[in-house]
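**Q** here's a sequence, model it:
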Amino acid sequence: MQNAPHRLRLTVTTPKVVTEGVTFNIGYKVKNIGNAVFPGGLVIVEISWASLESKVYQPIVINRQLSPDEEFEENRYSQAPLVAGYTWFHVYQAVDSNGAIVEVYNATGAQLYPYRQLNVSPSSVTYFKQPAYAVRARTHEEVFSQRALWVAAGSLATVAALQIVDWVIRFYFKM
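**A** Below you'll find the model as predicted:
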């Protein structure tokens, strides 16, 4: 009887919104969600952008055993989005220290790796690559427009407050 593969849950943490070309920090948390002790291994995360064919790979080296429900955290990575839009995080590969494939899931239980596949024909296979995470990168123009909007709103509130004070003063001095 063959042992069930090891199962891990991957959580990616980044700022909610990032800016194109500005470096942001990335945190990875791997949790053993299987029933057996995970011997350690490697999870490689692929970072990509929809409008580019460029990809970046970040290895998460789990250099110790993980008991069931035990977590391993890796916080040493950073990345700058190459373009505006979504920065996608996928699991590129996951293996244990013996070279066996490891199943990786996200927090909702969707399988991230190995990729689900559909045999379209005897010679054609389609893979469903579920993203582990995505973060939206804004352009510098979006950032400046948002700041300008807040400055305009603050100015409008100041003018309205001064107008109300002016009306109150005029009302009390007429009596």
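**Q** do you have the helices of the chain handy? List them.
**A** 140-173 (DSSP state H).
**Q** outline the domain layout of this protein.
**A** 7-138, 140-175 (automatic domain parsing).
**Q** ranking the ones you listed by burial, who's on top?
**A** Mean neighbour count (mean count of other Cβ atoms under 10 Å) peaks for domain 7-138 among the domains of the chain, with a mean of 16. C-beta here means a position set from N, CA and C on the backbone, and glycine is covered the same way.
**Q** G40 and Y57, how far apart?
**A** Distance of G40 to Y57, given as Cβ to Cβ, to the nearest Å: 19 Å.
**Q** same deal with Q163?
**A** Q163 is 58 Å from Y57, where distance means Cβ to Cβ.
**Q** what do you get for A152?
**A** From A152 across to Y57, the span is 43 Å (Cβ to Cβ).
**Q** which neighbouring elements make contact with the longest strand seen in the chain?
**A** Counting by DSSP state E, the longest strand found in the chain is strand 85-96. Applying 3 or more Cβ pairs under 8 Å, 6 or more residues apart in numbering; DSSP states H and E, we find strand 85-96 packed against strand 7-13, strand 41-49, strand 103-105, strand 111-113, strand 133-138.
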